[in-house]
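In: Whatever this is, show me its structure:
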Amino acid sequence: IVTLGEKTSLAERLAKAIQKGVAFHHAGLKPEHRKLIENYFKSNQIKCVCATPTLAAGVNLPARRVIILSMSRYEVGLGSQPIKVLEYKQQAGRAGRPKFDKEGEAIIVAKKAQNVRRYLENYCLGEPEMIWSKLASESALRSHVLAAIAIGYVRTIKDLTRFIRETFYGYQNDLGTTQFQIKNVLKFLIEEGMLQHDESGNIRTTRFGLRVSQLYIDPLSAVILRNGLQKANEIENLLPELAYFQLIAATPDLRNLYLRQKDQQELQKMLIDYTEDFLVEIPEQWDPDFEFFLMQIKSALLLKYWIDEKPEDTLITRFNIGSGDILYLTDNAKWLLYAAVEIARLFGFKRVIKTLNELHIRVAHGIKKELVPLVKLKGIGRVRARILYNNGYKTLAAIRKAEPRELARLPTIGPEIVRSIKEQLKTPMQDTKLAV
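Out: Predicted coordinates for the structure are as follows:
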């Protein structure tokens, strides 16, 4: 556990728990850690796993007994909300291991006596909620409509209506509802320059629409990025990294970090002292969107900490998250920054392309600006690049001139890495040069 990736206090706590035959499992753990826990539990090496609902929803991991401690969860903007009957059934359905148990036990912990009857009637004996098509959300419909047109699957508005009617979404809704939503989506895509249409009802993608579909991002994300980058391109002064990070955090494709009460106070104080520009309009404090804006700032700050090479443990403590959350956020930010580069190229926002390219590399590796040239070498990541830089090898030219045996003496480098580096820099060498 502690040897998988960067050593953190979270990994150490998990390792100590596993030594006692128990473990915890949540989205904040590294994927490798979650996989290990699942395998140990299946093989009976771990007897008890304390988990969030993600374990019940996504993994085939039956247990002899399932204990549900809470029948509510926190929802942003809504507070504590009862879980759905379907979610309870999914969790309780994990009880009972095929081939091992004749029956399983699912236990709800009722913290108040008056809740016992409600839990029994609403959850144990209740019917699950109806399943609704995800296409009902405008975000999903935007992406699917654009994709269907981009690949040539539909060429007219009549084709599009027929296509939607044949989906589960079309089956669940009447013709008037689907046509109304399709009309709204088409209006958005046409007004934002992603689609063109004629009087005959023919529709086709523009260069912008085609590229957005190829990038697999929500068309609304593309509009937010385009508008923000246009603003950045018109500003003569160099914008801070935080402004670009807040821009990608404002898109629906990045799931932002949750706010704690302490976060709200700290972030609001930071905004008072922050004098630089943002690329997205800041809502008023009384606006319901202000809380979401603060979540965007929190996510942007994490990305700033990441490229400033702060230790993973610092990020975990400062932002109250896990290693898996860091991985999710940085992976998605990396893709959105790549999308931002492509959109900037498409619209000719030349001033911002270099900065975006650099930020894309820095987020991908979690590095400061000075390490960007070094990580372009295959096999050189965050740790090795910092070791090379701190030992005086600050440029590719310096590495090219360096004695192989001197490079091989550096921690984590070694002969094979040195040989690979020299080959990439077109300075192949004899094995004897690596002799210490």
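
In: can you tell me the helix or strand for residue 412?
Out: Counting by DSSP states H and E, residue 412 is held by no secondary-structure element, helix or strand.

In: swap that for residue 283, please
Out: Residue 283 belongs to no helix or strand, assigned by DSSP H and E.

In: again, but for the one 4 residues further on
Out: Residue 287 belongs to no helix or strand when assigned by DSSP H and E.

In: From residue 41, how far off is the residue nearest to residue 250 when sequence neighbours are not counted?
Out: Setting aside the residues directly before and after it, residue 250 is nearest to residue 280 in space (C-beta to C-beta, 6 or more residues apart in numbering), at 4.5 Å. Heads up, the C-betas are built off the backbone N, CA and C, glycines and all. Residue 280 is 43 Å from residue 41, where distance means C-beta to C-beta, to the nearest Å.

In: between these two, who's got more neighbours?
Out: Taking neighbours as other C-beta atoms under 10 Å, residue 280 and residue 41 compare with residue 41 leading, 22 against 17.

In: Just the element for the more buried one, please.
Out: Counting by DSSP H and E, residue 41 is part of helix 31-42.

In: Output the contacting helices and strands for that helix.
Out: Contacts defined by 3 or more C-beta pairs under 8 Å, 6 or more residues apart in numbering; DSSP states H and E place helix 31-42 against helix 9-19, strand 22-25, helix 323-347.

In: Contacts only, for the residue nearest to residue 250.
Out: Contact analysis of residue 280 by C-beta atoms under 8 Å, 6 or more residues apart in numbering lists 224, 228, 246, 247, 250, 296.

In: Export the residues you listed as a markdown table, with columns for neighbour count, distance to residue 368 and secondary structure.
Out: What follows is the contacts of residue 280, written out as a markdown table (neighbours: other C-beta atoms under 10 Å; distance: C-beta to C-beta, whole Å; DSSP: H, G, I helix; E, B strand; the rest coil):
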| residue | neighbour count | distance to residue 368 | secondary structure |
| --- | --- | --- | --- |
| 224 | 22 | 27 | helix |
| 228 | 24 | 24 | helix |
| 246 | 23 | 20 | helix |
| 247 | 25 | 21 | helix |
| 250 | 22 | 25 | coil |
| 296 | 23 | 23 | helix |
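
In: ok, so of the residues you listed, who is nearest residue 395?
Out: Among the contacts of residue 280, residue 247 lies closest to residue 395 (C-beta to C-beta), at 31.0 Å.

In: Which pLDDT value goes with that closest one?
Out: Looking at residue 247, its pLDDT reads 97.

In: OK, contacts around it?
Out: Contact analysis of residue 247 by C-beta under 8 Å, 6+ apart lists 224, 225, 228, 229, 232, 278, 279, 280, 340.

In: nearest spatial neighbour of the first one, skipping sequence neighbours?
Out: Think residue 224. residue 251 (5.1 Å).

In: Also the third one?
Out: Closest residue in space to residue 228, ignoring its immediate chain neighbours: residue 279 at 3.7 Å, by C-beta to C-beta, 6+ apart.

In: Looking at that neighbour now. What's its pLDDT?
Out: Looking at residue 279, the pLDDT reads 91.

In: three-state assignment of it?
Out: The three-state assignment at residue 279 reads coil, by DSSP: H, G, I helix; E, B strand; the rest coil.

In: the strands in the stretch 1-150 of the chain, which residues?
Out: 22-25, 48-51, 65-68, 72-75, 79-82, 105-108 (DSSP state E, counting those that start in this stretch).

In: For residue 185, find the nearest of these.
Out: Evaluated over the strands of the stretch 1-150 of the chain, closeness to residue 185 peaks at strand 72-75, with 26.2 Å, by C-beta to C-beta.

In: Could you list every helix and strand that that closest one packs against?
Out: Partner elements for strand 72-75 (3+ C-beta pairs under 8 Å, 6+ apart): strand 79-82.

In: distance between the strand it packs on and the chain's centre?
Out: Chain-centre distance of strand 79-82: 24 Å, with C-alpha atoms, centre = their mean, to the nearest Å.

In: Over to stretch 386-399?
Out: With C-alpha atoms, centre = their mean, you get 32 Å for stretch 386-399.

In: Mind exporting the C-alpha coordinates of it to PDB?
Out: Output in PDB follows, covering the C-alpha atoms of stretch 386-399 (Å, rounded to 0.1, in the frame of the first residue of the first chain):
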ATOM      1  CA  ARG A 386      13.400  17.700  -9.900                       C
ATOM      2  CA  ILE A 387      16.400  15.500  -9.000                       C
ATOM      3  CA  LEU A 388      18.100  16.400 -12.300                       C
ATOM      4  CA  TYR A 389      17.300  20.100 -11.900                       C
ATOM      5  CA  ASN A 390      18.500  20.300  -8.300                       C
ATOM      6  CA  ASN A 391      21.800  18.700  -9.300                       C
ATOM      7  CA  GLY A 392      22.600  21.300 -11.900                       C
ATOM      8  CA  TYR A 393      21.100  19.600 -15.000                       C
ATOM      9  CA  LYS A 394      18.600  22.400 -15.700                       C
ATOM     10  CA  THR A 395      18.400  22.200 -19.500                       C
ATOM     11  CA  LEU A 396      18.400  19.500 -22.200                       C
ATOM     12  CA  ALA A 397      21.800  21.000 -23.400                       C
ATOM     13  CA  ALA A 398      23.300  20.400 -19.900                       C
ATOM     14  CA  ILE A 399      22.100  16.800 -19.900                       C
END
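
In: Flag the shaky bits of the stretch 1-150 of the chain, pLDDT-wise.
Out: 2-6, 54-59, 76-78 (pLDDT under 70).

In: mind checking how far the residue nearest to residue 228 is from residue 251?
Out: 11 Å.

In: what do you get for residue 116?
Out: For residue 116, the distance to residue 251 - C-beta to C-beta - is 44 Å.

In: Name the residue in those two with the higher neighbour count.
Out: Neighbour count, other C-beta under 10 Å: between residue 116 and residue 251, residue 251 has more, with 23 against 11.

In: part of a strand, is the more buried one?
Out: No - Residue 251 is assigned coil when assessed by three-state DSSP, not a strand.

In: doesn't residue 225 make contact with it?
Out: Yes - checked against C-beta atoms under 8 Å, the pair residue 251 and residue 225 is within contact range at 6.6 Å.

In: tell me, what's touching those two both at once?
Out: Taking C-beta under 8 Å, 6+ apart as the contact rule, the neighbours common to residue 251 and residue 225 are residue 336.
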